[in-house]
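> here is a sequence with its predicted model. Questions after.
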Amino acid sequence: MRFPKDRLANLVTTIRDVLGPLLIAYILYLGISGRSFQEYWIAIAWTSISLLDALDGHLARKFKSQPNGAMFDELSDKIIIHLAFSVLCYLVQISLYLWLIMFVRDIFATLIRVRTKKTTKTSPVEKAKYLGKTKMTFQCATITAALLPIFSGQTLLVFLLTATSAVLSIISGMEILILAMDAKNPKWLKGSSNRIKFANWLTVSRLALVPVIPYTFIAQPFGHFSYLVGTILAAIAVPTDVIDGFIARKLNQTTKIGELLDLFADKILFYFCLAGILHASNYTLMFPNPTYYIVLAILVVHDVACIIGYFVIDKRIIDLLESIWIDKLRYALSCTWLIIVSFALAIPNQILILLSLFLISIAAVASIVALFILVLRIRTAKKAIQ
(Lines give C-alpha, C1' and ligand atoms only; values in the text may rest on other atoms or scores of the structure.)
Protein backbone atom coordinates (compact mmCIF):
# COMPACT_ATOMS: atom_id res chain seq x y z
CA MET A 1 0.00 0.00 0.00
CA ARG A 2 1.50 3.28 -1.16
CA PHE A 3 1.61 6.28 1.14
CA PRO A 4 -0.88 8.98 -0.05
CA LYS A 5 1.02 11.79 -1.76
CA ASP A 6 -1.33 14.44 -0.40
CA ARG A 7 -0.15 13.54 3.11
CA LEU A 8 3.58 13.78 2.43
CA ALA A 9 3.61 17.43 3.52
CA ASN A 10 1.98 16.53 6.84
CA LEU A 11 4.49 13.74 7.35
CA VAL A 12 7.42 16.16 6.84
CA THR A 13 5.77 18.65 9.22
CA THR A 14 5.38 15.91 11.84
CA ILE A 15 9.05 14.93 11.51
CA ARG A 16 10.03 18.57 11.98
CA ASP A 17 7.70 18.92 14.97
CA VAL A 18 9.42 15.96 16.64
CA LEU A 19 13.06 16.68 15.76
CA GLY A 20 12.88 20.43 16.44
CA PRO A 21 11.89 20.29 20.14
CA LEU A 22 14.27 17.34 20.73
CA LEU A 23 17.22 19.36 19.39
CA ILE A 24 16.18 22.43 21.39
CA ALA A 25 15.89 20.32 24.57
CA TYR A 26 19.39 18.93 23.93
CA ILE A 27 20.79 22.47 23.49
CA LEU A 28 19.21 23.46 26.80
CA TYR A 29 20.67 20.37 28.47
CA LEU A 30 24.17 21.22 27.19
CA GLY A 31 23.84 24.82 28.37
CA ILE A 32 22.61 23.90 31.84
CA SER A 33 25.31 21.27 32.30
CA GLY A 34 28.02 23.79 31.39
CA ARG A 35 28.99 22.08 28.14
CA SER A 36 29.35 23.87 24.82
CA PHE A 37 26.18 24.01 22.77
CA GLN A 38 27.82 26.07 20.02
CA GLU A 39 28.88 23.25 17.73
CA TYR A 40 28.90 23.02 13.95
CA TRP A 41 26.87 19.83 13.89
CA ILE A 42 24.17 21.40 16.08
CA ALA A 43 23.99 24.44 13.77
CA ILE A 44 23.78 22.14 10.73
CA ALA A 45 21.06 20.06 12.42
CA TRP A 46 19.03 23.20 13.15
CA THR A 47 19.47 24.42 9.56
CA SER A 48 18.32 21.04 8.23
CA ILE A 49 15.21 21.13 10.42
CA SER A 50 14.52 24.68 9.21
CA LEU A 51 14.78 23.58 5.58
CA LEU A 52 12.10 20.95 6.22
CA ASP A 53 9.67 23.90 6.46
CA ALA A 54 10.41 24.81 2.84
CA LEU A 55 10.12 21.16 1.82
CA ASP A 56 6.69 20.58 3.37
CA GLY A 57 5.41 23.80 1.77
CA HIS A 58 6.64 22.63 -1.64
CA LEU A 59 5.03 19.21 -1.18
CA ALA A 60 1.77 20.78 -0.01
CA ARG A 61 1.54 22.93 -3.15
CA LYS A 62 2.61 20.12 -5.48
CA PHE A 63 0.21 17.49 -4.16
CA LYS A 64 -2.55 19.87 -3.00
CA SER A 65 -2.68 18.91 0.65
CA GLN A 66 -5.48 19.81 3.05
CA PRO A 67 -6.42 23.53 3.03
CA ASN A 68 -5.97 23.85 6.81
CA GLY A 69 -2.43 22.51 6.56
CA ALA A 70 -0.95 25.94 5.80
CA MET A 71 -2.24 27.50 9.02
CA PHE A 72 -1.17 24.53 11.16
CA ASP A 73 2.23 24.48 9.45
CA GLU A 74 2.79 28.16 10.23
CA LEU A 75 1.66 27.68 13.83
CA SER A 76 4.10 24.78 14.16
CA ASP A 77 6.90 26.97 12.77
CA LYS A 78 6.18 29.68 15.33
CA ILE A 79 6.19 27.24 18.25
CA ILE A 80 9.56 25.73 17.28
CA ILE A 81 11.12 29.12 16.54
CA HIS A 82 10.04 30.60 19.85
CA LEU A 83 11.09 27.50 21.79
CA ALA A 84 14.57 27.96 20.31
CA PHE A 85 14.57 31.70 21.03
CA SER A 86 13.46 31.15 24.63
CA VAL A 87 16.29 28.68 25.23
CA LEU A 88 18.86 31.01 23.64
CA CYS A 89 17.54 33.88 25.78
CA TYR A 90 17.99 31.71 28.87
CA LEU A 91 21.53 30.93 27.74
CA VAL A 92 22.12 34.69 27.17
CA GLN A 93 22.79 34.39 23.44
CA ILE A 94 20.13 36.78 22.13
CA SER A 95 18.26 39.82 23.43
CA LEU A 96 15.22 39.01 25.57
CA TYR A 97 13.69 42.39 24.63
CA LEU A 98 13.90 41.78 20.88
CA TRP A 99 12.61 38.23 21.25
CA LEU A 100 9.58 39.44 23.22
CA ILE A 101 8.75 41.84 20.38
CA MET A 102 8.65 38.91 17.97
CA PHE A 103 6.78 36.69 20.42
CA VAL A 104 4.03 39.25 21.10
CA ARG A 105 3.76 39.99 17.39
CA ASP A 106 3.19 36.33 16.55
CA ILE A 107 0.50 35.96 19.23
CA PHE A 108 -1.43 38.96 17.94
CA ALA A 109 -0.94 37.96 14.29
CA THR A 110 -2.34 34.48 15.00
CA LEU A 111 -5.35 35.93 16.86
CA ILE A 112 -6.03 38.37 14.02
CA ARG A 113 -5.85 35.56 11.46
CA VAL A 114 -8.30 33.37 13.40
CA ARG A 115 -10.74 36.24 13.95
CA THR A 116 -10.57 37.43 10.34
CA LYS A 117 -11.22 33.91 9.06
CA LYS A 118 -14.36 33.72 11.22
CA THR A 119 -15.74 37.17 10.37
CA THR A 120 -14.98 37.46 6.62
CA LYS A 121 -15.83 35.26 3.65
CA THR A 122 -12.37 35.42 2.13
CA SER A 123 -9.49 36.06 4.51
CA PRO A 124 -6.55 37.94 2.91
CA VAL A 125 -4.31 37.07 5.87
CA GLU A 126 -4.87 33.32 6.15
CA LYS A 127 -1.66 32.40 4.35
CA ALA A 128 1.81 33.73 5.11
CA LYS A 129 2.88 36.67 2.97
CA TYR A 130 6.29 37.27 1.43
CA LEU A 131 7.36 39.47 4.35
CA GLY A 132 6.30 36.81 6.85
CA LYS A 133 8.42 34.20 5.08
CA THR A 134 11.37 36.60 4.94
CA LYS A 135 10.96 37.25 8.67
CA MET A 136 10.98 33.50 9.35
CA THR A 137 14.16 33.09 7.26
CA PHE A 138 15.96 35.75 9.30
CA GLN A 139 14.77 34.17 12.54
CA CYS A 140 16.17 30.77 11.51
CA ALA A 141 19.42 32.45 10.42
CA THR A 142 19.64 34.20 13.81
CA ILE A 143 19.36 30.90 15.65
CA THR A 144 21.93 29.27 13.35
CA ALA A 145 24.40 32.12 13.94
CA ALA A 146 23.90 31.86 17.71
CA LEU A 147 24.77 28.12 17.52
CA LEU A 148 27.92 28.46 15.40
CA PRO A 149 31.19 28.32 17.39
CA ILE A 150 32.79 30.81 15.00
CA PHE A 151 30.53 33.51 16.45
CA SER A 152 31.15 32.54 20.07
CA GLY A 153 31.66 35.77 22.01
CA GLN A 154 30.91 37.87 18.91
CA THR A 155 27.38 38.96 19.65
CA LEU A 156 27.21 41.87 17.18
CA LEU A 157 26.22 39.73 14.17
CA VAL A 158 23.65 37.85 16.25
CA PHE A 159 22.27 41.19 17.48
CA LEU A 160 22.00 42.55 13.93
CA LEU A 161 20.16 39.43 12.77
CA THR A 162 17.86 39.53 15.82
CA ALA A 163 17.12 43.24 15.35
CA THR A 164 16.40 42.70 11.64
CA SER A 165 14.06 39.83 12.53
CA ALA A 166 12.26 42.07 15.05
CA VAL A 167 11.85 44.90 12.51
CA LEU A 168 10.55 42.48 9.86
CA SER A 169 8.20 40.98 12.47
CA ILE A 170 6.65 44.39 13.15
CA ILE A 171 6.34 45.27 9.44
CA SER A 172 4.76 41.91 8.54
CA GLY A 173 2.53 42.11 11.62
CA MET A 174 1.32 45.57 10.57
CA GLU A 175 0.65 44.17 7.08
CA ILE A 176 -1.61 41.49 8.59
CA LEU A 177 -3.41 44.05 10.78
CA ILE A 178 -4.03 46.50 7.91
CA LEU A 179 -5.28 43.80 5.52
CA ALA A 180 -7.54 42.38 8.24
CA MET A 181 -8.99 45.84 8.97
CA ASP A 182 -9.59 46.42 5.28
CA ALA A 183 -11.21 42.99 4.87
CA LYS A 184 -13.72 43.96 7.55
CA ASN A 185 -14.23 47.52 6.28
CA PRO A 186 -12.85 48.42 2.80
CA LYS A 187 -12.71 52.13 3.68
CA TRP A 188 -9.24 51.76 5.21
CA LEU A 189 -7.43 51.16 1.92
CA LYS A 190 -9.94 52.90 -0.32
CA GLY A 191 -8.08 54.97 -2.89
CA SER A 192 -5.22 52.50 -3.29
CA SER A 193 -7.10 49.60 -4.90
CA ASN A 194 -7.39 48.04 -1.44
CA ARG A 195 -3.68 47.31 -1.44
CA ILE A 196 -0.87 48.54 0.78
CA LYS A 197 1.07 50.97 -1.38
CA PHE A 198 4.58 52.43 -1.08
CA ALA A 199 3.53 55.43 1.04
CA ASN A 200 1.95 53.13 3.63
CA TRP A 201 5.00 50.88 3.64
CA LEU A 202 7.18 53.89 4.53
CA THR A 203 4.93 54.74 7.47
CA VAL A 204 4.92 51.13 8.66
CA SER A 205 8.72 50.95 8.34
CA ARG A 206 9.01 54.06 10.51
CA LEU A 207 6.86 52.37 13.15
CA ALA A 208 9.02 49.23 12.93
CA LEU A 209 12.13 51.21 13.90
CA VAL A 210 10.42 52.60 17.02
CA PRO A 211 11.46 49.79 19.44
CA VAL A 212 14.97 49.43 17.99
CA ILE A 213 16.21 53.04 18.22
CA PRO A 214 15.76 53.55 22.00
CA TYR A 215 17.11 50.04 22.62
CA THR A 216 20.29 51.05 20.78
CA PHE A 217 20.74 53.97 23.17
CA ILE A 218 19.93 51.95 26.29
CA ALA A 219 21.57 48.54 25.67
CA GLN A 220 24.48 49.97 23.65
CA PRO A 221 25.06 46.84 21.52
CA PHE A 222 27.61 48.73 19.40
CA GLY A 223 29.68 49.87 22.38
CA HIS A 224 30.93 53.46 22.13
CA PHE A 225 29.37 53.76 18.67
CA SER A 226 25.84 53.00 19.93
CA TYR A 227 24.90 56.67 20.32
CA LEU A 228 26.09 57.36 16.79
CA VAL A 229 24.20 54.37 15.37
CA GLY A 230 21.04 55.43 17.23
CA THR A 231 21.42 58.97 15.83
CA ILE A 232 21.79 57.62 12.28
CA LEU A 233 18.70 55.40 12.66
CA ALA A 234 16.69 58.35 13.99
CA ALA A 235 17.94 60.55 11.14
CA ILE A 236 16.77 57.89 8.66
CA ALA A 237 13.37 57.36 10.29
CA VAL A 238 12.35 60.99 10.88
CA PRO A 239 12.40 62.25 7.25
CA THR A 240 10.06 59.44 6.16
CA ASP A 241 7.24 61.45 7.80
CA VAL A 242 7.62 64.08 5.07
CA ILE A 243 8.40 61.60 2.31
CA ASP A 244 5.42 59.27 2.85
CA GLY A 245 2.94 62.18 2.86
CA PHE A 246 4.47 63.66 -0.30
CA ILE A 247 4.40 60.32 -2.13
CA ALA A 248 0.82 59.61 -1.03
CA ARG A 249 -0.38 62.94 -2.45
CA LYS A 250 1.81 62.82 -5.55
CA LEU A 251 0.86 59.26 -6.55
CA ASN A 252 -2.74 59.52 -5.30
CA GLN A 253 -2.18 56.90 -2.61
CA THR A 254 -3.88 58.70 0.28
CA THR A 255 -5.85 56.30 2.49
CA LYS A 256 -7.67 56.38 5.82
CA ILE A 257 -5.24 53.90 7.31
CA GLY A 258 -2.34 56.05 6.10
CA GLU A 259 -3.76 59.12 7.83
CA LEU A 260 -4.32 57.20 11.06
CA LEU A 261 -0.88 55.58 11.07
CA ASP A 262 0.84 58.84 10.18
CA LEU A 263 -0.83 60.62 13.11
CA PHE A 264 0.50 58.11 15.64
CA ALA A 265 3.77 57.05 13.95
CA ASP A 266 5.29 60.53 14.30
CA LYS A 267 4.49 60.87 17.97
CA ILE A 268 5.39 57.29 18.89
CA LEU A 269 8.76 57.59 17.12
CA PHE A 270 9.53 60.93 18.79
CA TYR A 271 8.68 59.88 22.35
CA PHE A 272 10.28 56.43 22.15
CA CYS A 273 13.51 58.03 20.90
CA LEU A 274 13.20 60.66 23.63
CA ALA A 275 12.83 57.94 26.26
CA GLY A 276 16.00 56.21 25.04
CA ILE A 277 17.98 59.47 25.00
CA LEU A 278 16.67 60.42 28.46
CA HIS A 279 17.90 57.11 29.86
CA ALA A 280 21.25 57.42 28.08
CA SER A 281 21.77 60.94 29.52
CA ASN A 282 20.79 59.87 33.05
CA TYR A 283 17.50 61.75 32.69
CA THR A 284 19.16 65.15 32.37
CA LEU A 285 19.40 65.57 28.58
CA MET A 286 22.58 67.42 29.59
CA PHE A 287 20.39 70.21 31.03
CA PRO A 288 19.84 69.81 34.79
CA ASN A 289 17.75 73.01 34.92
CA PRO A 290 14.07 72.02 35.55
CA THR A 291 12.80 74.79 33.24
CA TYR A 292 14.07 72.68 30.35
CA TYR A 293 11.45 70.07 31.18
CA ILE A 294 8.71 72.71 31.21
CA VAL A 295 9.55 73.31 27.56
CA LEU A 296 9.26 69.56 26.89
CA ALA A 297 5.96 69.47 28.79
CA ILE A 298 4.53 72.01 26.33
CA LEU A 299 5.30 69.63 23.47
CA VAL A 300 3.66 66.76 25.34
CA VAL A 301 0.50 68.79 26.05
CA HIS A 302 0.22 69.72 22.37
CA ASP A 303 0.51 66.10 21.17
CA VAL A 304 -1.85 64.71 23.82
CA ALA A 305 -4.44 67.37 22.93
CA CYS A 306 -4.19 66.47 19.21
CA ILE A 307 -4.63 62.73 19.90
CA ILE A 308 -7.61 63.28 22.20
CA GLY A 309 -9.13 65.68 19.69
CA TYR A 310 -8.88 63.11 16.91
CA PHE A 311 -11.13 60.69 18.81
CA VAL A 312 -13.45 63.26 20.46
CA ILE A 313 -14.11 65.86 17.77
CA ASP A 314 -16.78 65.25 15.12
CA LYS A 315 -15.26 63.48 12.09
CA ARG A 316 -16.93 65.99 9.78
CA ILE A 317 -14.97 68.74 11.47
CA ILE A 318 -11.70 66.78 11.22
CA ASP A 319 -12.26 66.30 7.48
CA LEU A 320 -12.52 70.09 7.07
CA LEU A 321 -9.27 70.79 8.92
CA GLU A 322 -6.18 71.32 6.83
CA SER A 323 -2.61 70.84 8.00
CA ILE A 324 -1.06 73.88 9.67
CA TRP A 325 2.34 74.93 8.36
CA ILE A 326 3.52 76.01 11.81
CA ASP A 327 2.65 72.55 13.14
CA LYS A 328 4.92 71.01 10.52
CA LEU A 329 7.60 73.51 11.52
CA ARG A 330 7.12 72.51 15.17
CA TYR A 331 7.57 68.82 14.38
CA ALA A 332 10.61 69.49 12.18
CA LEU A 333 12.25 71.55 14.94
CA SER A 334 11.44 68.91 17.57
CA CYS A 335 12.95 66.10 15.50
CA THR A 336 16.01 68.18 14.61
CA TRP A 337 16.48 68.88 18.31
CA LEU A 338 16.17 65.15 19.06
CA ILE A 339 18.82 64.24 16.49
CA ILE A 340 21.19 66.98 17.70
CA VAL A 341 20.83 65.88 21.35
CA SER A 342 21.51 62.24 20.43
CA PHE A 343 24.51 63.30 18.36
CA ALA A 344 25.76 65.37 21.30
CA LEU A 345 25.68 62.18 23.38
CA ALA A 346 27.98 60.52 20.84
CA ILE A 347 30.24 63.55 20.40
CA PRO A 348 29.82 65.97 23.35
CA ASN A 349 29.94 69.57 22.18
CA GLN A 350 28.82 72.72 23.97
CA ILE A 351 27.72 74.40 20.73
CA LEU A 352 25.43 71.44 19.91
CA ILE A 353 23.93 71.59 23.40
CA LEU A 354 23.17 75.31 23.11
CA LEU A 355 21.77 74.83 19.60
CA SER A 356 19.47 72.06 20.82
CA LEU A 357 18.19 74.31 23.63
CA PHE A 358 17.46 77.06 21.11
CA LEU A 359 15.58 74.67 18.78
CA ILE A 360 13.42 73.09 21.48
CA SER A 361 12.47 76.54 22.80
CA ILE A 362 11.28 77.64 19.36
CA ALA A 363 9.43 74.31 18.97
CA ALA A 364 7.62 74.95 22.27
CA VAL A 365 6.53 78.41 21.14
CA ALA A 366 5.40 76.95 17.80
CA SER A 367 3.39 74.30 19.70
CA ILE A 368 1.46 76.97 21.59
CA VAL A 369 0.77 78.95 18.41
CA ALA A 370 -0.22 75.80 16.46
CA LEU A 371 -2.63 74.72 19.21
CA PHE A 372 -4.21 78.20 19.27
CA ILE A 373 -4.66 78.23 15.48
CA LEU A 374 -6.11 74.70 15.60
CA VAL A 375 -8.73 75.75 18.16
CA LEU A 376 -9.74 78.70 15.96
CA ARG A 377 -10.05 76.44 12.91
CA ILE A 378 -12.16 73.93 14.83
CA ARG A 379 -14.56 76.73 15.83
CA THR A 380 -14.76 77.87 12.20
CA ALA A 381 -15.38 74.30 10.99
CA LYS A 382 -18.17 73.87 13.58
CA LYS A 383 -19.97 76.91 12.18
CA ALA A 384 -19.53 75.59 8.63
CA ILE A 385 -21.30 72.28 9.31
CA GLN A 386 -24.15 73.78 11.31
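It's in.
> low-confidence stretches in the protein?
Within the chain, the segments meeting pLDDT under 70 span 1-7, 58, 60-61, 63-73, 121-124, 126-128, 152-154, 284-289, 319-320, 386.
> in it, which spans are strands?
Shown for the chain, no strands are assigned by DSSP state E.
> looking at this structure, which helix is longest?
helix 350-385 (DSSP state H).
> give the contact list for Pro186.
Shown in contact with Pro186 (Cβ atoms under 8 Å, 6 or more residues apart in numbering): Asn194. Where you see a C-beta, it was placed from the backbone N, CA and C, and this is true even at glycine.
> same check, this time on Ile373
Neighbours of Ile373 in contact, by Cβ under 8 Å, 6+ apart: Ile324, Ile326.
> that older thread, in the longest helix of the chain, what counts as buried?
Applying a neighbour-count criterion of 16 or more other Cβ atoms under 10 Å, one finds 352-353, 355-357, 359-364, 366-367, 370-371, 374, 378, 381 buried in helix 350-385.
> likewise for stretch 318-327?
For stretch 318-327, burial by neighbour count (16+ other Cβ under 10 Å) applies to Ile324, Ile326, Asp327.
> with stretch 179-193 instead?
Leu179, Ala180, Met181, Asp182, Ala183, Trp188, Leu189, Gly191, Ser192.
> and the fourth one, what is it in contact with?
If a contact means Cβ under 8 Å, 6+ apart, then Asp182 has Pro124, Trp188, Leu189, Asn194, Ile257 as its contacts.
> name the nearest residue to Ser86, ignoring sequence neighbours.
Leaving aside its chain neighbours, Ser86 sits nearest to Trp99 (7.4 Å; criterion: Cβ to Cβ, 6 or more residues apart in numbering).
> in helices only, show me the buried residues of stretch 179-193.
Per DSSP H, the buried residues of stretch 179-193 map to helices at Leu179, Ala180, Met181, Asp182, Ala183.
> out of these, flag the one nearest to Leu156.
Comparing these against Leu156 with Cβ to Cβ places Leu179 closest, at 34.9 Å.
> just to revisit the earlier point, distance to Glu39 added to the ones in helices among the buried residues of stretch 179-193, as JSON lines?
Formatted as JSON lines, those follow (distance: Cβ to Cβ, whole Å):
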{"residue": "Leu179", "distance to Glu39": "41"}
{"residue": "Ala180", "distance to Glu39": "42"}
{"residue": "Met181", "distance to Glu39": "46"}
{"residue": "Asp182", "distance to Glu39": "47"}
{"residue": "Ala183", "distance to Glu39": "46"}
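> between the contacts of Asp182, which sits nearest Ile44?
Using Cβ to Cβ, the contacts of Asp182 come closest to Ile44 at Pro124, 37.2 Å.
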